[in-house]
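[1] Provide a 3D model corresponding to the input given below.
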Amino acid sequence: MIAAPDTLPPLTLDRLESVPPAGWVERAFLNLPLLCGISDGLSRDRHSEVEKAYKDQMAARPEIPPEWWGDSDERQSIAKVVCEECREGMGWPNARYVPEDSLRIVFYFGVYDCLDGIDTTDAIFEKLGILADFQVLDPIFENPAATMLDLVLFCEQSR
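    The predicted structure follows:
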């Protein structure tokens, strides 16, 4: 696997430090599954400037060489499916993810509502023939350091 050059930095969590904390209304609706869209909307307002910066970063990326995902044709093929499904399901401007991109950023800032992440992982599993529920990914998504490569490796090992 070839690391992304310094001129093409990955999507990382560092920009989130500038986001103000959630207000009491947002926190109150967060734990109400039927009303999670209200919390999502309030959260999106708080994160709008940071989200724009991430999406601008993605929009400016050139095509990513498949070799960045590894030497294996199978891994490159899996990465292509994962990247395209994340773009389509999460609403990013393109599928030019690099292996070091933060999963939290990809799945949080692409989300339109609280079910998009589930739909996206289900679509990835279906296209790759993985018979699993999205919840098998909980250990990966709970890790703040998880990257797109972690998701690709999980899919590769689950086939």
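
[2] any idea of the mean pLDDT in the host helix or strand of D150?
    D150 belongs to helix 148-158 when assigned by DSSP states H and E. For helix 148-158, mean pLDDT is 97.

[3] for that helix, buried residues please.
    148-156 (16 or more other CB atoms under 10 Å). For the C-beta atoms, the positions are set from N, CA and C on the backbone; glycine is no exception.

[4] ok, these vs R61, which is closest?
    Distance to R61 across those (CB to CB) is lowest for M148, with 12.9 Å.

[5] would you agree that closest one is in contact with R104?
    No - counting by CB atoms under 8 Å, R104 is not a contact partner of M148; they are 10.8 Å apart.

[6] circling back to that earlier point, out of the buried residues of helix 148-158, which comes closest to T120?
    Relative to T120, the closest of the buried residues of helix 148-158 is L151; by CB to CB it sits at 10.3 Å.

[7] where in this protein is pLDDT low?
    Scanning the chain for pLDDT under 70 picks out the ranges 1-7, 19-47, 110-115.

[8] which stretches of it form helices?
    Assigned by DSSP state H, the chain shows helices spanning 24-30, 36-59, 73-90, 103-108, 116-128, 138-141, 148-158.

[9] out of these, which one sits most buried?
    helix 103-108 (a mean of 22; mean count of other CB atoms under 10 Å).

[10] that one packs against which elements?
    helix 73-90, helix 138-141, helix 148-158 (3 or more CB pairs under 8 Å, 6 or more residues apart in numbering; DSSP states H and E).

[11] hmm, who's touching stretch 54-62?
    By CB atoms under 8 Å, 6 or more residues apart in numbering, the residues outside stretch 54-62 that reach it are 8-9, 11, 15, 92-94, 96-98, 105, 109.

[12] by neighbours, which of those wins?
    Y97 (29 neighbours; other CB atoms under 10 Å).

[13] I'd guessed that residue sits against C86; true?
    Yes - with contact defined as CB under 8 Å, Y97 counts as touching C86 (6.7 Å).

[14] find residues that contact each of those two.
    Contacts common to Y97 and C86, judged by CB under 8 Å, 6+ apart, are 106, 148.
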